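In: make a model of this:
(chains A and B)
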Amino acid sequence: MRKVIERALRQAGLELTEVLQASNGEEALQALRDESGKSNSLALILSDINMPVMDGLQFLEQRRDEKLAPGVPVVMITTEGSEPLVLRAISAGAQGYICKPFTSEQVKARVVPLLPAA
Amino acid sequence: MLATESPTPQNDMVNRLDTAVSEVFEMMLERSCDPMDGDVNIVDGRIVARIQFTGAVSGECILYASPATAAITAEALLGTASSEPCDPMVDDAIGELCNMIAGGWKSKLEHPQAGCLISVPAVTREGLAGLEGKFGTKFCRTYSFQGNVFGIVLAF
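Out: Numbers count the residues shown, from 1 in each chain, chains lettered A, B, ... in the order given. From the prediction side, this is the model:
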């Protein structure tokens, strides 16, 4: 799915200078911990909900508790569009929500407003 | 093969599956994909992806395709061709395709069934033997996009 999302972002016209990838929530948390002392800041976090080891909601909640990349917007991309899950994701810090399947235009519409101005 | 004209509960389930497949292909692969009569005749091995439903619905969605169809599907989804016979990216793409179709089908269910949980996809090249669970209701559908055929089993 990470390749699909990366492709959609590029099709939406976004220039991706560096993409950090993680296959589950635990890997994502570790990537954020590794990035925390670096000068180049992340612009956006995209996460699925349905992942092995640690799902996207647990990732969001742990990230919030550890105060990792606190100012970086998070967009959830998932098939899990039920209202309770959306509300839990928002309360855990998600600013955007994209339901699969999606078009590159939908990705652009949700992601671009959250990015820092160039 | 089930007919899809009369509005029985079973046909509703099949119609939801057809709609979910069509939406995924149109939005994510920019291709039309239609149900067809007959079975998938796969002689050169299968790639099988399975999503399990738990909670308000207990069941599974199994997608299976030949390696050739899987590779074409993955290329359409990812925008890059696979470079090796058992490219793990092809397996990932088929798993994600099954995930999106199962999620789409689930989202079209009524409350409270729509609140069921879906698993992460499991993908194997060892075929369907021993993979299918034992459920009371089972639908087998065949789909085609640009002459490439794959099958979906929906059981619950």
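In: what sits against residue 101?
Out: Chain wasn't specified; assuming chain A. Neighbouring residues of residue A:101 by C-beta atoms under 8 Å, 6 or more residues apart in numbering or on different chains: B:23, B:24, B:27, B:28, B:100, B:104. (C-beta placed from N, C-alpha, C; glycine too.)
In: should've been chain B
Out: Contacts of residue B:101 by C-beta under 8 Å, 6+ apart are B:17, B:20, B:21, B:24, B:61, B:63, B:152.
In: repeat for residue A:76
Out: Per C-beta under 8 Å, 6+ apart, neighbours of residue A:76: A:46, A:47, A:48, A:49, A:56, A:60, A:89, A:94, A:96, A:97, A:98.
In: beta partners for the second one?
Out: The bridge-partner assignment for residue A:47, based on DSSP bridges, gives residue A:76.
In: ok, it to chain B distance?
Out: Using C-beta to the nearest C-beta, to the nearest Å, residue A:47 is found at 14 Å from chain B.
In: surely that residue and residue A:60 touch.
Out: Yes - between residue A:47 and residue A:60 there is a contact under C-beta atoms under 8 Å: 7.2 Å.
In: so what sits against both of the two?
Out: Shared contacts of residue A:47 and residue A:60, counting by C-beta under 8 Å, 6+ apart, come down to A:74, A:76.
In: ramachandran coordinates for the residue nearest in space to the middle of chain B?
Out: In chain B, the centroid-proximal residue (C-alpha atoms, centre = their mean) is residue B:63; its distance is 3.6 Å. When read as degrees, to the nearest 10, the backbone of residue B:63 gives phi -110, psi 130.
In: look up phi and psi at residue A:98.
Out: phi -120, psi 130.
In: what's the closest of the contacts of residue A:76 to chain B?
Out: Nearest to chain B out of the contacts of residue A:76 is residue A:48 (C-beta to the nearest C-beta; 9.0 Å).
In: quick one: that closest one from residue B:122, how far?
Out: 16 Å (C-beta to C-beta, to the nearest Å).
In: again with residue A:10
Out: 29 Å.
In: circling back: which of residue A:48 and residue B:122 has more residues huddled nearby?
Out: Comparing residue A:48 with residue B:122 by other C-beta atoms under 10 Å in any protein chain shown, the one with more neighbours is residue A:48, at 23 against 16.
In: what's the distance between the more buried one and residue B:17?
Out: Distance from residue A:48 to residue B:17, by C-beta to C-beta: 22 Å.
In: also residue A:70?
Out: 42 Å.
In: looking at those two, which is more packed in?
Out: residue B:17 (23 against 9).
In: which helix or which strand is home to the more buried one?
Out: helix B:9-24 (DSSP states H and E).
In: residues in contact with that helix: which ones?
Out: A:101, B:2-5, B:32-35, B:97, B:100-105, B:107-109, B:137, B:139, B:141, B:143, B:152, B:154.
In: list the buried residues for it?
Out: By 16 or more other C-beta atoms under 10 Å in any protein chain shown, the buried positions in helix B:9-24 come out as B:13, B:14, B:15, B:16, B:17, B:18, B:20, B:21, B:22, B:23, B:24.
In: now the residues you listed as JSON lines including pLDDT?
Out: Formatted as JSON lines, the buried residues of helix B:9-24 follow (pLDDT from 0 to 100):
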{"residue": "B:13", "pLDDT": "86"}
{"residue": "B:14", "pLDDT": "90"}
{"residue": "B:15", "pLDDT": "93"}
{"residue": "B:16", "pLDDT": "94"}
{"residue": "B:17", "pLDDT": "95"}
{"residue": "B:18", "pLDDT": "96"}
{"residue": "B:20", "pLDDT": "96"}
{"residue": "B:21", "pLDDT": "97"}
{"residue": "B:22", "pLDDT": "97"}
{"residue": "B:23", "pLDDT": "96"}
{"residue": "B:24", "pLDDT": "96"}
